[in-house]
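1. Let me see the structure of the following:
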Amino acid sequence: MAKVRCFLSYKNLPYTTRYVHPLRAQAEIPLGHQVPVIHLDGALHNDSTPIGLLLDDKFAENPLFSSRPATDRSKILEVDAWVTAALVPLCFRLMLGYGGGLVKQMRNGSIGANGLHKTVAGGYPLPFRWLHPLLVPRMKFVRDIIAMSDQNKNNDQLLAAVCQKLCSDLAGYPFLAQQASITLADLSVFSQLALPYLAGYDDADVIEQYPLLMQWLSRVQSQLSVDAALRLDLHRRALPEHAR
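-> A predicted model of the protein is given here:
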């Protein structure tokens, strides 16, 4: 969901977010089995990358992809595919405190549970908020996503490797995929790094050790609404302001 919100925010498109209640997900998700789903011009669309490409085709302002040469589009999609394969599983691990012991799992799980309670209609019942850190890691789709990550490395090691790769990609360029302006690649990565950092999850602050990456995050954030990656009332950290 954060990824699509970043697309919409960057393209200056008005939108309303509807948060799916985890206890009513099957009934509330209007298409498929997972979020995000977008309702646009009377039709439903799911899967964040195809949604981004669709938005770019329909709305010319602040292009994400379509105006780039074919070689650049290939680079952009390569970064986006890496996000799906490596960064999304890591984001899940960070939010669950995966591999960090029971205390960290409970602490990070409670951040997610309280976020749900604040956002879903009718709130998230207290017993489920207590059990949330223990139940979510047992869900099959969560286990399948986490299984995509390197099980021999902890969250700090995986995030450090991600930060090093991104800093290498950014060397000499203001944005990812060797681009001079924001593309779908930047927003795909930004949504997965900024959300756990802003929400205050343990281990997500490893990114602070990489000034070049923090500067890039702030540069991207400066062109989005402040709540694009995460609703403002759920922020526990803040990105440094981008020097204009």
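
2. Is Pro63 part of a helix or strand, or is it coil?
-> Under DSSP: H, G, I helix; E, B strand; the rest coil, the three-state class of Pro63 is coil.

3. right, and it touches Leu55 too?
-> No: taking C-beta atoms under 8 Å as the definition, Pro63 is not a contact partner of Leu55, at 10.0 Å. C-beta here means a position set from N, CA and C on the backbone, and glycine is covered the same way.

4. what ranges do the helices span in this structure?
-> Read by DSSP state H, the chain holds these helices, from start to end of the chain: 2-10, 25-28, 48-58, 70-82, 88-96, 102-119, 126-135, 140-146, 155-170, 184-199, 211-221.

5. of Pro63 and Leu55, who's got more company?
-> Between Pro63 and Leu55, counting by other C-beta atoms under 10 Å, Leu55 is the more crowded of the two (23 against 18).

6. quick one: furthest residue from the center of this structure?
-> Outermost residue of the chain with respect to the C-alpha centroid, by C-alpha atoms, centre = their mean, is Pro127; its distance is 27.1 Å.

7. Poorly predicted segments of this protein, please.
-> Counting by pLDDT under 70, the chain contains low-confidence ranges at 242-244.

8. Quick check: which of the helices of the chain is nearest to Ala238?
-> If you check each of the helices of the chain against Ala238 by C-beta to C-beta, helix 184-199 wins as the nearest, at 7.2 Å.

9. What distance do you get for Val37 to Asp47?
-> 9 Å (C-beta to C-beta, to the nearest Å).

10. no wait, Cys6
-> Computed as C-beta to C-beta, the Cys6 to Asp47 distance reads 15 Å.

11. More neighbours: which of the two?
-> Under the criterion of other C-beta under 10 Å, the comparison of Cys6 against Asp47 puts Cys6 first, with 30 against 16.

12. Settle this for me: the more buried one is touching Gln192, isn't it.
-> No: using C-beta under 8 Å, Cys6 is not in contact with Gln192, being 10.0 Å away.

13. anything in contact with each of these two?
-> Taking C-beta atoms under 8 Å, 6 or more residues apart in numbering as the contact rule, Cys6 and Gln192 have no neighbour in common.

14. Show residues contacting stretch 37-46.
-> Under the contact criterion C-beta under 8 Å, 6+ apart, stretch 37-46 has outside partners Val4, Ile29, Pro30, Leu31, Gly32, Gln34, Val35, Pro36, Ile51, Leu54, Leu55, Lys58.

15. redo that, cut-off 10 Å
-> 1, 4, 7-8, 13, 15-16, 18, 20, 28-36, 47-48, 50-51, 54-55, 58-59 (C-beta atoms under 10 Å, 6 or more residues apart in numbering).
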